[in-house]
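In: Provide a 3D model corresponding to the input given below.
(4 chains)
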Protein chains: 2
Amino acid sequence: MTELLDQLKADILNGQLARGCPLRQQELSERYGVSRIPVRDAIAVLKNQGWLVAHGKAGVMVPELNWCEAEDLYQMRTLLECQLLDYAIPNITYEVLGKARDINKQLNSPTLSLVERGQLNWDLHATLYQVANRPTLFNVVAILNEQVRRYMGFQYGPLNYRDISQNEHEQLLNFLTDGNANEALALLKRHIDEAGKKLVAYLKATS
Amino acid sequence: MTELLDQLKADILNGQLARGCPLRQQELSERYGVSRIPVRDAIAVLKNQGWLVAHGKAGVMVPELNWCEAEDLYQMRTLLECQLLDYAIPNITYEVLGKARDINKQLNSPTLSLVERGQLNWDLHATLYQVANRPTLFNVVAILNEQVRRYMGFQYGPLNYRDISQNEHEQLLNFLTDGNANEALALLKRHIDEAGKKLVAYLKATS
DNA sequence: AAAAATAAAAATGTATACATTTTTATAATC
DNA sequence: GATTATAAAAATGTATACATTTTTATTTTT
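Out: Numbering: from 1, shown residues only, chains lettered A, B, ... in the order given. Purely as a prediction, here's the structure:
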């Protein structure tokens, strides 16, 4: 069932499942070649995590993008991820930093798809956060980051955010290497805040 | 199915479903007089919201109480609820404050059950937060508050937190009535922080 | 006697079938 | 003509039945 879940998420991200139009269980079960039961299971999870919302009293739909939700998601990320990084910092080894740098290098490639880029971006953050040893906090942050990916088409398209983001990653890793915790935390805050503000401004302007 | 969900939550809160021992779908379906399908649906939701955790590869269980989770939940509450109240403050009318005061009065009653008390406590906070008009943020805060209720047996038992909490509610409402936003926010932060710290200290001491 | 392998039991995952609810299209009324 | 009633269609919710996976108990092997 995890495969179906990932498939659905991917199809939401790449637009195969259009925003705003209702999805029927049977339609989905035919589309993915399974019965309605696993579809129902997957829908329940995706509804809980904000990937889908109710459409009237019957059916669900992919929610429209919406600046208020984006703003909330980014504000929550800022608040929670700074806390999480703070927990992590004492446990960040050079090995961890090396892993993060490897991922940031991969983000250089211009041929990455949107989905791949989003995944790598999270992998980098998660590499640092993992050593915080805070499963409950980590889990919420992970869900928020998955949610945010629905908006990434804007960031890496019209907003051309790629290079800025990558530079900030590098700076962050340098601060952490130097043991400069406060600067690192401040930068992470800016990193998320700025991304959020640009996204919200863009969403407000286009809607 | 919402009824089954609420029933399961209630039975987790009041200890009818013991922490740590595995729950089987069939067992639950017999217990509640429904087939396994609605049980599966409910389990999926409860797993997502932290009411249940996986037990090996088959089955699920009520998670043990755990200071680290409690600390995370309270820290998240502090960070997110202060933000949410900040959004709400400009929209808090005397009517809203009146509703909140009515709820706080109900909290006076010494005959309330644990479940009722927990519900009223959240109702009070939710009354204020609702007017923030921030559905995404509100939703996460609501789930965190539901989670926290699993720990309330400690707060209102050994920790005797009832009176303190009620006084702080009253103070908070007074600050809001006086338009003293900064004091209100600072108090809310303390209100949640302190409750969390006491709970965590207690959990650490007893485990 | 401890560990590994095997077989039986029991659990979850999924498909099909049916009941109930919701939606949509049609007809009737004001 | 717009609004409300009504009936057909289609969707979701649930039960039962079966397949697959996981667990547990037993047996075998070292």
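In: Hmm, A:I43 is touching A:Q25, no?
Out: Yes: here A:I43 reaches A:Q25: they are 7.1 Å apart, a contact under Cβ atoms under 8 Å. Heads up, the C-betas are built off the backbone N, CA and C, glycines and all.
In: Neighbour count: these two, which is higher?
Out: Ranked by neighbour count (other Cβ atoms under 10 Å in any protein chain shown), A:I43 and A:Q25 place A:I43 first, with 23 against 17.
In: Quick one: residues contacting that one.
Out: A:I43 makes contact with A:L23, A:Q25, A:L28, A:L52, A:V60, according to Cβ atoms under 8 Å, 6 or more residues apart in numbering or on different chains.
In: Wait, a helix at it?
Out: Yes: A:I43: assigned to a helix according to DSSP: H, G, I helix; E, B strand; the rest coil.
In: Which segments of chain A make up each domain?
Out: Domain assignment for chain A, taken from automatic domain parsing, gives A:2-61, A:67-206.
In: so of these, which one's packed in deepest?
Out: Comparing the domains of chain A by mean neighbour count (mean count of other Cβ atoms under 10 Å in any protein chain shown), domain A:67-206 comes out on top with a mean of 17.
In: Follow the chain on from the helix or strand bottoming out on mean pLDDT in chain A and name the next helix or strand.
Out: Every helix and strand in chain A was compared by mean pLDDT, DSSP states H and E; the lowest is helix A:152-155, with a mean of 70. The helix or strand immediately downstream of helix A:152-155 is helix A:162-177, counting by DSSP states H and E.
In: Averaged pLDDT, that following helix. What do you get?
Out: Per-residue pLDDT values over helix A:162-177 give a mean of 89.
In: Pull the residues that contact it.
Out: By Cβ under 8 Å, 6+ apart, the list of residues contacting helix A:162-177 from outside reads A:89, A:92, A:94, A:97, A:100-101, A:104, A:107-108, A:117, A:121, A:124, A:128, A:156, A:181, A:183-184, A:187-188, A:190-191, A:195.
In: taking these one by one, which sit in helices?
Out: A:94, A:97, A:100-101, A:104, A:117, A:121, A:124, A:128, A:181, A:183-184, A:187-188, A:190-191, A:195 (DSSP state H).
In: If I look at the residue with the largest distance to the centre of chain A, what pLDDT would I see?
Out: In chain A, the residue that sits farthest from the middle, by Cα atoms, centre = their mean, is A:S35; the gap is 29.3 Å. Note on A:S35: pLDDT of 94.
In: next one: the one 3 residues further on
Out: Model confidence at A:P38, expressed as pLDDT, equals 95.
In: close enough to count as contact, it and A:L4?
Out: Yes: the criterion here is Cβ under 8 Å, and A:P38 meets it with A:L4 at 5.7 Å.
In: tell me which parts of chain A are close to DNA strand C?
Out: A:M1, A:L4, A:S29, A:V34, A:S35, A:R36, A:I37, A:P38, A:D41, A:G56, A:K57, A:A58 (Cβ under 7 Å from any atom of the strand).
In: Isn't the fifth one up against A:L28?
Out: No: taking Cβ under 8 Å as the contact criterion, A:S35 and A:L28 are not neighbours in contact, 10.6 Å apart.
In: Taking helix B:135-148 as reference, get the angle to the one helix or strand A:Q147 maps to.
Out: Assessed by DSSP H and E, A:Q147 sits inside helix A:135-148. Relative orientation of helix A:135-148 and helix B:135-148, computed by axes from the mean of the first three to the mean of the last three Cα atoms, to 10 degrees: 160 degrees.
In: and helix A:135-148, average pLDDT?
Out: Helix A:135-148 carries an average pLDDT of 95.
In: Identify all contacting residues around that helix.
Out: Residues from elsewhere that reach helix A:135-148 (Cβ under 8 Å, 6+ apart): A:9, A:49-51, A:70, A:73-74, A:76-77, A:80-81, A:83-84, A:87, A:122, A:125-126, A:129-130, A:132, B:50, B:68-69, B:72-73, B:75-76, B:140.
In: Which ones among these map onto helices?
Out: A:9, A:70, A:73-74, A:76-77, A:80-81, A:83-84, A:87, A:122, A:125-126, A:129-130, B:68-69, B:72-73, B:75-76, B:140.
In: what's the distance between A:Q106 and chain B?
Out: Per Cβ to the nearest Cβ, to the nearest Å, A:Q106 is found 30 Å from chain B.
In: Thought A:L120 was touching that residue, still the case?
Out: Yes: counting by Cβ under 8 Å, A:Q106 touches A:L120, with 5.7 Å between them.
In: Which neighbours do those two have in common?
Out: A:L112.
In: and A:V62, how many neighbours?
Out: 24.
In: hang on, the earlier thing: using CSV, lay out the residues of chain A next to DNA strand C together with distance to A:K204 and secondary structure.
Out: Listed next are the residues of chain A next to DNA strand C as CSV, based on distance: Cβ to Cβ, whole Å; DSSP: H, G, I helix; E, B strand; the rest coil:
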residue, distance to A:K204, secondary structure
A:M1, 38, coil
A:L4, 35, helix
A:S29, 38, helix
A:V34, 40, coil
A:S35, 42, coil
A:R36, 39, helix
A:I37, 41, helix
A:P38, 38, helix
A:D41, 36, helix
A:G56, 27, coil
A:K57, 31, coil
A:A58, 32, coil
